[in-house]
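> One predicted model, sequence on top.
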Amino acid sequence: MEQDYAGKTVLVTGGNSGMGRAAALLFARRGAQVAIAARRASELDEVVAEISELGGTAVGIPTDIADPEQVSAMVEQVVARFGKLDTAFNNAGVMGSWGPIDELTPEDFDKTINVNLRGTWLCARAEIAQMKRQGHGGAIVNTSSWLAQGVLQGSGLYSASKAGVDSLVRALALECADVGIRINNVNPGLIDTPMMRSGTTEETAKPFIDHTPMRRVGTAEEIAEAVVWLCSASASFVTGQSLLVDGGYTIGGHRGFGDGA
């Protein structure tokens, strides 16, 4: 099976909840040994226990991806525990501060960019270096967003951070193609995760659902399926791409001439 991860080592950042947790569990179900990184150790322990209950192997590594020393130590711990790194899903991120530009501060800018863009760059940098040392290629997927290509009122910092990740993936894919490392992004739309639920209500989500041709929000498991596919041999000729998984939200438009348009 081309999505069989038996014998593979996978690192998932932000693996304590939402899309990261769903991906960690799916990688484990497909046979991978999984390292899960996040800031909150207690939540990491819960996901490690879930994977153990599935009969899988996992380790939790408390990490702040905005700290270069912690990121380097994270990859070192993966290799110390499992001997190698084959695949990484750089999912950790923050919503950051939203609002009009004249109401935001340089500290708001730094927090959002330091985690979403710089943190992703730090993780990819450490992962690529390790994969190059091993000499047998690898696959990396980063979490971007539909907001890398679109905006909402007040989304300037978040959109900019994710647009940077989309540009970064193209440059890194070109840089790493000749050493067999594939790098892609997954760009979720509105997905039912703790982060989404903390920032939206049924009322505020309704316009997004109504605009989505599939008329619903996505699930963390649907994003996980896309990530596991992108990292697998099934996607062996795919690199430098930012894959929208949004139920058609970004294609917009109306269903037909009879809807009052």
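Now that the structure is in, tell me what you want to look at. Everything numeric here is computed off the predicted structure, so don't read it as measured data. Residues are numbered from 1 along each chain as shown.

> Model confidence score at Gly258, please.
pLDDT recorded at Gly258 is 42.

> ok, now the one 3 residues further on?
Taken from the predicted model, the pLDDT recorded for Ala261 is 37.

> next one: Ile251
Per-residue pLDDT puts Ile251 at 85.

> can you check Leu168 too?
On the pLDDT scale, Leu168 gets 98.

> Offset the numbering so it begins at 33, please.
Shifting the count to begin at 33 puts that one at Leu200.

> Contacts only, for it.
Shown in contact with Leu200 (CB atoms under 8 Å, 6 or more residues apart in numbering): Leu149, Thr152, Trp153, Ala156, Asn174. For glycine as for every other residue, the C-beta is placed from the backbone atoms N, C-alpha and C.

> Give me the secondary structure label for it.
Assigned with DSSP: H, G, I helix; E, B strand; the rest coil, Leu200 falls in the helix class.

> State the distance from it to Cys208.
Separation of Leu200 from Cys208 (CB to CB, to the nearest Å): 12 Å.

> What residues sit buried inside the lengthiest strand in the chain?
Longest strand of the chain, by residue count under DSSP state E: strand 213-220. Going by neighbour count (16 or more other CB atoms under 10 Å), the buried part of strand 213-220 is Ile213, Arg214, Ile215, Asn216, Asn217, Val218, Asn219, Pro220.

> strand partners of that strand, parallel vs antiparallel please.
Its sheet considered, strand 213-220 pairs with strand 170-175 (parallel), strand 274-277 (parallel) by DSSP bridges.

> any idea which of the ones you listed is most buried?
Ranked by average neighbour count under the criterion mean count of other CB atoms under 10 Å, those are headed by strand 170-175 at a mean of 26.

> re earlier: ranking the contacts of Leu200 by neighbours, who comes first?
Most neighbours among these, by other CB atoms under 10 Å: Asn174, with 29 neighbours.

> so it bridges to which residues?
Asn122, Asn217.

> per-residue confidence for it?
Looking at Asn174, its pLDDT stands at 98.

> Help me confirm that it comes into contact with Val201.
Yes - the criterion here is CB atoms under 8 Å, and Asn174 meets it with Val201 at 6.1 Å.

> what is in contact with the two at once?
Contacts common to Asn174 and Val201, judged by CB under 8 Å, 6+ apart, are Ile215, Asn216, Asn217.
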